[in-house]
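Undergrad: one predicted model, sequence on top.
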Amino acid sequence: MKLPAFPDKILSNAKVESIVVNQPVLVLNENYLPLNICRVRRAVVLVLVGKAEVVENGRGYFSASSGSYEIPSVIRLIYLVRRQSHPRKMTKMEIFNRDKYTCQYCGREGRELTLDHVMPRRLNGQHTWENIVAACIPCNRKKAGRTPTEAGMPLLRAPRAPGNIGFYVPFQYLNARSEWEKYLPHKR
């Protein structure tokens with residue numbers, strides 16, 4: 001296995017192995033649709049017991065006493081997993097994922113976001129997908145308890161409930177692994 005380069009620090013093999021086994025792996029159903037994300041450790045076990053096969057190997061190989069094995073980036077289950085589709089729950093993380101961690105008023109990307117009711121609660125604004133957006137702290141303070149029109153702050157995109165396309169990959173993983181792109185639905 002080729003060890004990753006760490007210019008500032010020299011890490012022991014145990015620390016490097018810990019980093020490698022905790023990296024994300026995309027799990028595909030038998031029909032090549034995204035099903036889940038697991039860690040390298042779990043993916044290797046699924047492959048070794050014959051429940052999955054490696055589809056993409058973007059990380060190299062590791063050695064064990066019984067031989068050399070691929071470190072998977074994408075695996076496919078050998079059997080079909082049937083899942084019932086449930087509507088997504090409206091949580092803070094789901095709204096940030098829907099809005100791609102971008103303030104819907106100024107377009108600033110970042111992790112320090114808040115939730116904002118487009119139609120304020122004091123004006124009978126509901127706590128629904130269509131009324132809540134991600135907003136940076138300065139924009140949320142500037143808008144305060146007003147509507148976007150009153151505050152002179154138009155939305156970049158009208159909020160809507162995300163489609164129920166089954167499993168989706170959280171936004172933070174989208175740029176992490178380029179080999180995942182061909183297996184992911186383009187529209188969310």
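TA: Structure received. In this text, all values refer to a predicted model and were calculated from it rather than measured experimentally.
Undergrad: which of the helices and strands in this structure ranks last by mean pLDDT?
TA: Scoring the helices and strands of the chain by mean pLDDT, DSSP states H and E places helix 13-21 at the bottom, with a mean of 60.
Undergrad: what helices or strands is the helix or strand following it leaning on?
TA: Proceeding N to C from helix 13-21, the next assigned helix or strand is strand 24-28, under DSSP states H and E. Under the contact criterion of 3 or more C-beta pairs under 8 Å, 6 or more residues apart in numbering; DSSP states H and E, the helices and strands touching strand 24-28 comprise strand 34-39, helix 40-48, strand 52-56, strand 74-77. Quick note: C-beta positions are derived from backbone N, CA and C, even for glycine.
Undergrad: and the protein, what are its domains?
TA: Under the assignment named as automatic domain parsing, the residue ranges that make up the domains of the chain are 13-84, 92-151.
Undergrad: just the helices and strands packed on strand 24-28: most buried one?
TA: Comparing the helices and strands packed on strand 24-28 by mean neighbour count (mean count of other C-beta atoms under 10 Å), strand 74-77 ranks first with a mean of 22.
Undergrad: partners of it, with directions?
TA: Neighbouring strands of strand 74-77 in its sheet, by DSSP bridges, are strand 24-28 (parallel), strand 52-56 (antiparallel).
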